[in-house]
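> The following block contains a protein sequence and its predicted model.
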Amino acid sequence: MTSLSSVSDTEAPLSEAEEWEIRCDLAATFRIFARNAWNEQIGNHHSMMLPGTTQFLINPRGMLYREIRASDLIVCDLAGNKVRGKGEVRRIAFNIHAEIHKLHPQAACVLHVHPPYLTAFSLIKGGRFALAHQNNLFLNPRTAYDDGHHGIQFGPSEGQRIAEALGDKSILIMAGHGVTIVGPRISDAFDELYMAERTCMYQMLAMQTGQPLLQQDSSMQLNWPGAFGDYLDSRMHLDAWRRVLDREEPDYAT
């Protein structure tokens with residue numbers, strides 16, 4: 001893993017319009033996940049590095065996903081200092097996200113939520129994705145499993161441990177907890193989380209029949225190591241949801 005601690009601000013600084021578009025994308029993910037009941041009350045957290053900087057956007061403490069707007073997102077640095085924005089940075093969220101961002105340059109976007117099927121799946125001892133649905137051919141090689149039980153941790157060591165468990169994968173199913181998914185862009189992480197939750201739903205429903213699951217040939221796995229959206233229509237998927245939000249919840253982009 002390569003550290004982000006030495007990243008320099010050599011890239012051209014973001015314009016206000018560019019940062020605003022990133023804010024709107026991230027705000028949209030909160031609203032979409034709220035519609036699907038994928039978050040835990042006022043808990044759970046999403047973050048996105050601001051390109052060319054060592055600062056990232058994250059949701060403030062105490063807000064429901066359904067009320068978060070682009071302007072509500074806080075900018076903080078990798079040392080835990082709030083740089084811009086109103087409200088409080090939730091310490092447990094910072095300690096997880098900052099460490100993942102520092103240790104995984106490919107993880108510009110980090111989404112941590114408790115969607116019902118992936119979270120229920122994380123409660124099954126030794127739970128693993130089957131190689132049954134066609135989506136598994138894409139997702140399984142990108143998935144890591146954190147099987148330890150570590151209680152509730154608040155310090156940076158928890159973020160470091162999660163980053164280590166993630167390794168070079170983009171999906172981390174966390175035993176007894178939930179899921180963390182990362183990507184180089186918001187649309188990548190969003191789309192991969194969406195597909196992972198749906199695929200887990202299919203598997204959990206099929207398991208309830210008590211019948212054996214299909215077993216596809218492992219040689220058919222795609223083993224795609226790149227950004228999710230470089231293979232699938234991730235950007236188009238998020239754009240489609242944003243059109244729905246533009247009609248039904250336009251305040252997300254304020």
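Perfect, I can see it now. Numbering: from 1, shown residues only.
> where does the stretch 151-254 of the chain dip in pLDDT?
151-155 (pLDDT under 70).
> so which helix or strand takes in Phe56?
Using DSSP states H and E, Phe56 sits in strand 55-58.
> Which secondary structure elements does that strand sit against?
Counting contacts by 3 or more CB pairs under 8 Å, 6 or more residues apart in numbering; DSSP states H and E, strand 55-58 is packed against helix 16-35, strand 45-49, strand 74-77, helix 91-103. (Each C-beta comes from the backbone N, C-alpha and C, glycine too.)
> Tell me which of these sits nearest to Glu197.
Glu197 lies closest, by CB to CB, to one member of these: helix 16-35, at 9.5 Å.
> And Ala206, how close does it get to Lys169?
Here the criterion is CB to CB, to the nearest Å. By it, Ala206 lies 24 Å from Lys169.
> JSON lines for the helices and strands packed on strand 55-58, including distance to Pro60?
Putting the helices and strands packed on strand 55-58 into JSON lines (distance: least, CB to CB, whole Å) gives the following:
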{"stretch": "helix 16-35", "distance to Pro60": "11"}
{"stretch": "strand 45-49", "distance to Pro60": "10"}
{"stretch": "strand 74-77", "distance to Pro60": "5"}
{"stretch": "helix 91-103", "distance to Pro60": "9"}
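> which stretch among the ones you listed comes nearest Gln215?
Taking the helices and strands packed on strand 55-58 one by one with CB to CB, helix 16-35 is closest: 31.6 Å.
> same for whichever strand or helix holds Ala120, what does it pack against?
Counting by DSSP H and E, the element that carries Ala120 is helix 116-122. Other helices and strands packing on helix 116-122, by 3+ CB pairs under 8 Å, 6+ apart, are strand 171-174, strand 178-183, helix 186-207.
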